[in-house]
Every structure is written in structure tokens, then in C-alpha cells.
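Q: return atomic coordinates for the entry below.
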Amino acid sequence: MKTVVILLSDKRSGSTMFQDALCTHPKVQTVEYSPHTYLETHHWLKAAVLLSVHPSLFSNGKTYKNYGSRKNARIYLESELKGNLPDYEIPKDDKQLVFEGWEALCDRFAQPVFFEKSPQHLAHWAAISLLLEWVQQTKKYKVKIIGLVRNPLAVQYSAFNLFRTLPHQRQYGWFNIHKNLLALKSLLREEQFKLIRYEDIVDDSETTLKLICDYIGIEYDFSMTLKIHGNSKTKLKNDPYFTLILDPAVTQMANKFGYADKFLENNKTKKLSKWNLFFWNVNTILLKSKNKLINRLIMPILFRFKLKK
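A: Numbers count the residues shown, from 1 in each chain. Have a look, this model is predicted:
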């Protein structure tokens with residue numbers, strides 16, 4: 001039986017490095033095209049928007065808005081399918097598009113292992129519930145779900161540098177994402193779920209990758225280790241502007257994943273000035289506005305034009 005491997009994580013947790021390493025293996029493939037970055041499909045999140053899953057099951061209790069509308073979510077899904085399966089006949093029924101379209105992707109890329117990762121999924125139980133529905137109903141594939149976890153301090157620092165997010169706010173997103181991960185684990189059989197820590201991949205690449213390959217059911221390939229790279233822990237410790245002290249609830253959640261308190265401490269006394277807080281807030285607003293314009297207006301128009309050609 002062929003295998004589908006789905007990686008779930010928060011953003012900035014090493015999922016792209018994981019993808020690069022695993023897809024080096026000759027038996028593992030991911031999609032060849034995606035309308036999103038890093039060949040992420042966002043399939044189940046787009047599906048949740050298209051199928052009007054209840055807003056309470058999305059992060060923050062509101063339907064995910066970055067696709068703009070149900071119509072745009074469908075356009076994104078059609079683009080994903082046509083980009084990978086040019087001869088695929090798009091179903092008119094939305095639910096068929098979601099589930100039969102996903103199986104068509106699996107049929108195409110599970111040769112014998114299909115790998116997919118979209119960090120957006122784990123933040124929204126609306127997406128996870130549809131994924132679970134497929135896992136429970138598929139008869140064609142062995143499904144292997146991997147939960148990838150990274151120290152929340154490192155995650156917030158990476159997001160702080162890349163997205164200019166405010167870490168003292170974003171840490172609660174990390175907390176909720178990992179509540180979802182634990183809930184998902186409890187709903188799956190032992191052979192369907194594997195928890196992996198980013199730090200273990202970086203610190204002991206060969207041992208950890210062998211564990212992953214054994215879980216998936218493929219032989220270990222040394223070339224995978226060539227894609228592993230570590231982050232500089234000293235950058236976080238030495239950056240005077242990164243002053244996050246984790247909330248005790250976040251620390252407790254991190255403890256659940258094996259992170260000792262000493263690795264969750266950030267002993268800095270300097271606080272961000274009002275000017276710096278204003279700068280980060282403005283930067284975040286501008287970044288979000290740019291992404292909204294691209295995701296909700298420009299990209300759907302381009303995809304609609306391409307699909308009509």
C-alpha cells in the first residue's frame with residue numbers, strides 16, 4: 001500500500017528544512033506546483049473555507065480570510081489541481097473537489113510516498129477536522145502524520161525577525177497550535193502519528209532521520225542529512241531587542257514536549273521602547289495589508305485568467 005506523509009507544525013519550526021531533507025529521498029515526492037510558497041498546498045484550510053466549516057473551528061473564532069472568499073478558495077484549489085494534474089476534470093461539487101481532488105494528488109505523487117506540509121493547517125481545527133475525515137475514510141493509503149515541534153522561544157524569535165510579529169502576542173498562537181497537536185494525537189492510532197522535535201533533527205540528524213524513515217517505511221538515505229542546517233542559538237540570546245518572557249502556560253505546554261525550563265528562559269531586563277513597539281506594529285500592518293492584496297485580489301484574478309486559457 002502506498003503512503004501519504006503529512007507534516008504538521010507551527011510556522012518557523014523547520015518544516016521547509018524537513019521537506020527538503022525528506023524529499024531528497026528517491027521514494028518521496030511532493031507536489032510539483034503550488035500557488036503558495038515552499039510547495040505548500042494549504043489544501044485542507046482552503047477546503048474548510050470552501051465548505052463553510054463553522055467559524056468557531058478556525059483560529060480566533062473567525063473564518064480564515066486570507067483567500068478573500070469561498071469563491072477564491074475554490075479558485076486556489078482548482079489552480080493547485082490543474083497545476084499538478086493538467087488532464088484532471090474538475091468536479092463541480094465542492095466536497096468532491098476537496099476529497100476526490102486530494103486523492104487525485106495522492107494518486108499522482110505517492111510513488112510510493114507522497115509528502116505534504118502546510119504550517120497553516122495546525123492553527124485551524126476547521127482544517128484538521130477535514131483532514132481527519134479523509135484519514136478515516138481513505139482505503140487506498142497508509143497515512144503517516146508527523147508533528148514537528150520547536151522551542152517556542154526560537155519560534156517567536158524567528159517570526160520576530162522575519163514577519164516583524166510581536167512575540168509576546170504570538171506566543172499564544174504557538175500555545176493553541178500545540179493544543180491542537182495534542183488533541184490530534186489523541187484521535188489517531190499510534191502507528192498514524194509521530195512526534196519529532198526540530199532540535200533533535202539538528203543535533204542528531206542521522207539518528208532522527210533514521211527514526212523518521214523507519215516510521216514511514218522507507219530505508220534511510222544518507223543524502224537527506226545534507227539538507228539539515230541548524231540555527232544560531234546565540235543570536236537569540238544576544239539580541240537586546242528580543243525580550244520575550246514566555247507566559248507560564250506556554251512554558252507548561254513546552255514542558256509537555258520535553259523542553260526543560262532552562263531552555264525556555266530569556267533573562268533580559270531591557271524592554272522595547274514605545275517607538276520600537278510603534279515601529280513593529282506599523283510594520284506588521286503594512287505586511288498584512290500587502291499579503292491581503294496579493295492573496296485576496298491579485299492571485300485569484302491571475303488564477304482565474306489562467307484556468308480559462
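Q: now do the helix or strand harbouring E133: which elements does it pack against?
A: In the assignment (DSSP states H and E), E133 maps to helix 125-137. Using 3 or more Cβ pairs under 8 Å, 6 or more residues apart in numbering; DSSP states H and E, the elements in contact with helix 125-137 are helix 43-50, helix 94-109, helix 167-187. Just so you know, the C-beta spots here come from the backbone N, C-alpha and C atoms, and that holds for glycine as well.
Q: list the contacts of the residue lying closest to S129 once chain neighbours are set aside.
A: Residue nearest to S129 in three dimensions, not counting chain neighbours: L57, with 6.5 Å by Cβ to Cβ, 6 or more residues apart in numbering. By Cβ atoms under 8 Å, 6 or more residues apart in numbering, the residues touching L57 are A48, H124, W125, A126, S129.
Q: just the closest of those residues to Q96, please.
A: A48 (15.9 Å; Cβ to Cβ).
Q: the closest one and A126 touch, don't they?
A: Yes. Counting by Cβ atoms under 8 Å, A48 touches A126, with 3.8 Å between them.
Q: list the residues that contact both of those two?
A: L57, F58, Y64.
Q: about what we covered before: pull out the buried residues from the helix holding E133.
A: Neighbour counts over helix 125-137 (16 or more other Cβ atoms under 10 Å) mark W125, A126, A127, I128, S129, L130, L131, L132, W134, V135 as buried.
Q: try stretch 251-270
A: Quick answer for stretch 251-270 (16+ other Cβ under 10 Å): T251, M253, A254, F257, Y259, L264, N266.
Q: okay, these in a markdown table with secondary structure and distance to I146 next?
A: Shown next, in a markdown table, are the buried residues of stretch 251-270 (DSSP: H, G, I helix; E, B strand; the rest coil; distance: Cβ to Cβ, whole Å):
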| residue | secondary structure | distance to I146 |
| --- | --- | --- |
| T251 | helix | 24 |
| M253 | helix | 19 |
| A254 | helix | 19 |
| F257 | coil | 14 |
| Y259 | coil | 18 |
| L264 | coil | 23 |
| N266 | coil | 28 |
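Q: can you list contacts of the helix holding E133?
A: 6, 8, 44-45, 47-48, 51, 53-54, 57-58, 63-64, 98-99, 102, 120-122, 143, 145, 180, 183-184, 187-188, 192.
Q: circling back: want to throw the shared contacts of A48 and A126 into CSV with distance to P112?
A: Converted to CSV, these look like this (distance: Cβ to Cβ, whole Å):
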residue, distance to P112
L57, 33
F58, 34
Y64, 33
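Q: now these as TSV including pLDDT and secondary structure?
A: Listed next are those as TSV, based on pLDDT from 0 to 100; DSSP: H, G, I helix; E, B strand; the rest coil:
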residue	pLDDT	secondary structure
L57	98	helix
F58	97	coil
Y64	95	coil
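Q: which one of those is nearest to D239?
A: The nearest one, if we look at the shared contacts of A48 and A126 relative to D239 and count by Cβ to Cβ, is Y64, at 31.5 Å.
Q: the closest one and D87, how far apart?
A: Separation of Y64 from D87 (Cβ to Cβ, to the nearest Å): 30 Å.
Q: who has more neighbours, the two?
A: When Y64 and D87 are compared for neighbours, Y64 comes out ahead with 21 against 5, by other Cβ atoms under 10 Å.
Q: right, and that one touches S52 too?
A: No. In this structure Y64 lies outside contact range of S52 using Cβ under 8 Å: 11.5 Å.
Q: contacts for the host helix or strand of N161 next, please.
A: Following DSSP H and E, one finds N161 within helix 152-162. For helix 152-162, contacts defined as Cβ under 8 Å, 6+ apart pick out 10-13, 165-167, 170-171, 174-175, 198, 231, 233, 235-236, 239, 242, 244, 246, 250, 253-254, 259, 263-264, 266.
Q: next one: stretch 214-222
A: Residues contacting stretch 214-222 (Cβ under 8 Å, 6+ apart): 3, 5, 24-28, 113, 142, 144, 146, 194, 206, 209-210, 213.
Q: quick one: I196 is in a strand?
A: Yes. The assignment for I196 is a strand, going by DSSP: H, G, I helix; E, B strand; the rest coil.
Q: help me confirm that it comes into contact with T208.
A: Yes. When contacts are counted by Cβ under 8 Å, I196 is listed as touching T208 (6.7 Å).
Q: whichever of the contacts of stretch 214-222 end up buried, select them in ChimeraX.
A: Filtering those down to the buried ones (16+ other Cβ under 10 Å) takes a single ChimeraX command:
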select :3,5,25,27,28,113,142,144,146,194,209,213
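Q: out of the contacts of stretch 214-222, who's nearest N283?
A: Using Cβ to Cβ, the contacts of stretch 214-222 come closest to N283 at I146, 32.8 Å.
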